[in-house]
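Asks: Fold the stuff below for me.
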Amino acid sequence: MSTPTDGPEGQPANPYGQPPSPYGQPANPQPYGGPPAQPTGGGGYGASFPGGGPVEQPQGKGLAIAALVLAIIACVIPNLISLVLAIVVLVKKKGGKGLAIAAIIIDLIVLAIWVALFAGGVWLFNNIITVDNAEVGQCVTTDTGDSDEVGLMKQDCAEPHEAEVFVVGDLTAEEVTTYGTDPGQICVTRYTEDGKDVNDLPGDYVNILTTDLSPEEGESFVCIVENQDGSKLPAK
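Replies: Residues are numbered from 1 along each chain as shown. Coordinates of the predicted model:
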């Protein structure tokens, strides 16, 4: 039996009669059934990011910062806007949760203060009596404080009260002259013009109130009756 002769360029002849591949041998031949080649370099699919968690979204943090800045302004409209922004941050979980909660707390405190101030202003508006809005028959409290000025506040006539309004009007030129010598006489004269008797008044002391200590013709005035000893007038 003869030995196969060498093939071209010294390669052994193919014993099965197949010609050698014209394309040469693969660079890294893999045996059948072997494991696949692994890529070199960095990690493959599924590698985790440094830190292990999702990055906080900058949009949410920006909204939270805006909400906190508006809350610090401490005005009604900015605080309402701040409250809406902070709630959006919490509902959508966009990040900046701590800032949003701080903004909400400040907003609620500021808005509560504004509500209290508004309610107090409404109460004062409805209860302060002045020479311009006083009406005959109103029951009032009198507060002279540390000065000669008298402040009147509306009081329930069904309860014992400090004073009552019994005359309101505008000063005439003659009354301006009388005001400088006997101001109380203006009230008595006005009250008796309609046939009323000052003895029927519930108190024993008459006082006239004006906006100016030296009033001029046409200025408004209010006459109140009270007890000179400071005791309260009876309920009516």
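Asks: residue nearest the centroid of the chain?
Replies: What sits nearest the mean C-alpha location of the chain, by C-alpha atoms, centre = their mean, is L111, with 3.0 Å.
Asks: Just the pLDDT at that one, thanks.
Replies: Per-residue confidence (pLDDT) for L111: 94.
Asks: Can you tell me the SS state at it?
Replies: Per DSSP: H, G, I helix; E, B strand; the rest coil, the secondary structure class of L111 is helix.
Asks: ok, it to Q138 distance?
Replies: 35 Å (C-beta to C-beta, to the nearest Å). Just so you know, the C-beta spots here come from the backbone N, C-alpha and C atoms, and that holds for glycine as well.
Asks: can you check V188 too?
Replies: Taking C-beta to C-beta as the measure, V188 falls 19 Å from Q138.
Asks: Comparing these two, which shows the higher neighbour count?
Replies: Each of V188 and Q138 has its neighbours counted (other C-beta atoms under 10 Å); Q138 has more, 20 against 17.
Asks: okay but the more buried one is in contact with K154, surely?
Replies: Yes. Between Q138 and K154 there is a contact under C-beta atoms under 8 Å: 6.4 Å.
Asks: where do the contact lists of the two overlap?
Replies: I129 (C-beta atoms under 8 Å, 6 or more residues apart in numbering).
Asks: show me what contacts the residue nearest to the centre of the chain?
Replies: Per C-beta under 8 Å, 6+ apart, neighbours of L111: 76, 79-80, 83.
Asks: Counting neighbours, which of the residues you listed comes out on top?
Replies: N79 (23 neighbours).
Asks: So what touches the helix or strand hosting that residue?
Replies: Per DSSP states H and E, N79 falls inside helix 76-92. With contact meaning C-beta under 8 Å, 6+ apart, helix 76-92 is reached by 60, 63-64, 66-71, 73, 94-97, 99-101, 103-104, 106-108, 110-111, 114.
Asks: what about the helices in the chain?
Replies: 58-73, 76-92, 97-127, 173-179, 183-192 (DSSP state H).
Asks: Run the chain-centre distance for the longest one.
Replies: Pointing back at helix 97-127 there. Counting by C-alpha atoms, centre = their mean, to the nearest Å, helix 97-127 is centred 5 Å from the centre of its parent chain.
Asks: what about stretch 206-221, start to end distance?
Replies: Start-to-end span of stretch 206-221 (C-alpha to C-alpha, to the nearest Å) is 13 Å.
Asks: my bad, should have said stretch 157-170
Replies: Start-to-end, stretch 157-170 (C-alpha to C-alpha) is 25 Å.
Asks: Now do the buried residues in it.
Replies: 157, 161-168 (16 or more other C-beta atoms under 10 Å).
Asks: try stretch 214-230
Replies: Residues of stretch 214-230 classed as buried by neighbour count (16+ other C-beta under 10 Å): 215, 219-226.
Asks: Then stretch 85-104?
Replies: For stretch 85-104, using 16+ other C-beta under 10 Å, the buried residues are 85-86, 89-90, 94-97, 99-104.
Asks: what distance separates it from the middle of the whole chain?
Replies: 17 Å.
Asks: same check, this time on stretch 68-83
Replies: The answer for stretch 68-83 is 6 Å, by C-alpha atoms, centre = their mean.
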